[in-house]
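[1] Generate coordinates for the sequence data below:
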Amino acid sequence: MGLAALLLLPPVLLGLCAGDSVSPSRGFLLQSDLEAGGAVGGRRRPLALELLDEAEDLSSLAPGLLGDLPLLQLEPECRELLAAFANSSVRMIGCLVRSARPVKVCQNCYRLYHEVMEQLENITRVVGNTSESNPCAKSLLMSDRLQIVVILSKFFANTWNKANCANCLKNNSEGLSNSTVKFLALFNESLACFEHNLQGQEDSLLPSNYTEVCKNCNGTYKKLNDMYNDMQKRELKHEAGEQAHLCIDVEDAMNITRRLWSTTFNCSVPCSDTVPVIAVSSFILFLPVVFYLSSFLHSKQKKRILILPKRIQSNASFSNIQEKCN
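    The predicted structure follows:
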């Protein structure tokens, strides 16, 4: 028996004992590994360690062989937790994408976000009353450098916080707040008013044809705009003077309505304080005229005061000269 056959015999026997079929390609792989230095200190390394070193080629191994590696397997409980988090994450991502335009992230996805956070909490939940973490947390959250579960959970949390969805929900996040529901109802009413008054005007897009929209929808738009301003003031007061941000759904709805009202329909909101504004503006415009007029009259009066004494003095001197001559 040749030297190569002697080197190949122990791995083949081990594979046969494990119940795995040995193909020529697999035998050549093990032989090349041994020739490349797979033996340490004159003794061959265990087969499991060699397979772990070949992680790049695990997909080419027999499925039965992967199932026999305990290091690559999760506990049944951890596998269920990972599957539940994966399913909730898929539903959440789908909801975010579908609600991207127009933005309805908070009103459509708050239940799914709550579900994702519950699944993450199940993974990180402590065991009993001790501070020891769930054994599944180590295998699912800290077993590798990439940490897919952690990355996804941070993405959902950052997106939710950036959208300020908490400002649209109740304190327990079980539904939309009353102010948000009223605002969205007014928003839908405004859009319905726009659409109703645009019927029959599709053939012409001139701004002059939008007079009916501006006239008939002015009251609804003003209510929506006033309610948005009130919500902003309340949020600013709640934030103690910091920059107020309503949830993205409310902000985007108001931006859409204002863009339609001012840019598309070219409408304007009549100011209720028109008379005081006009009076103040007129007063400011006439201030320069009043100033220059008063300056002119005042300078003319001074000239008269200076000239009159000269005339009186000249007349008095002339009368004295006539008296001396007589």
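
[2] so what are the domain limits for the protein?
    Domain assignment for the chain by automatic domain parsing gives 3-72, 76-163, 178-264.

[3] quick one, helices of the chain?
    For the chain, the helices defined by DSSP state H cover 3-17, 24-33, 47-53, 63-67, 76-98, 105-124, 135-141, 148-162, 178-198, 211-216, 218-238, 248-258, 274-325.

[4] Next, give phi and psi for Cys217.
    Here the main-chain torsion angles of Cys217 (degrees, to the nearest 10) amount to phi -100, psi 10.

[5] So it is in contact with Glu195, correct?
    No. Contact between Cys217 and Glu195 fails when scored by Cβ atoms under 8 Å: they sit 10.0 Å apart. Quick note: C-beta positions are derived from backbone N, CA and C, even for glycine.

[6] Which one's more surrounded, those two?
    Set side by side, Cys217 and Glu195 show more neighbours around Cys217, with 27 against 11, by other Cβ atoms under 10 Å.

[7] For the closest residue to the more buried one other than its chain neighbours, give its distance to Thr257.
    Closest residue to Cys217 apart from its sequence neighbours, by Cβ to Cβ, 6 or more residues apart in numbering: Cys193 at 4.1 Å. Distance check for Cys193 against Thr257: by Cβ to Cβ, to the nearest Å, it reads 11 Å.

[8] Pick out whichever of the two has more residues nearby.
    For Cys193 and Thr257, the more surrounded residue by other Cβ under 10 Å is Thr257, and the numbers stand at 21 against 17.

[9] His114 contacts Lys170, correct?
    No. Look at His114 against Lys170 with Cβ under 8 Å: they stay out of range, at 12.0 Å.

[10] which residues of the stretch 51-200 of the chain score low on pLDDT?
    The stretch 51-200 of the chain contains residues with pLDDT under 70 at 51-72, 126-133, 200.

[11] Kindly recompute the last result at 80.
    Residues of the stretch 51-200 of the chain meeting the criterion pLDDT under 80: 51-73, 126-134, 172-173, 199-200.
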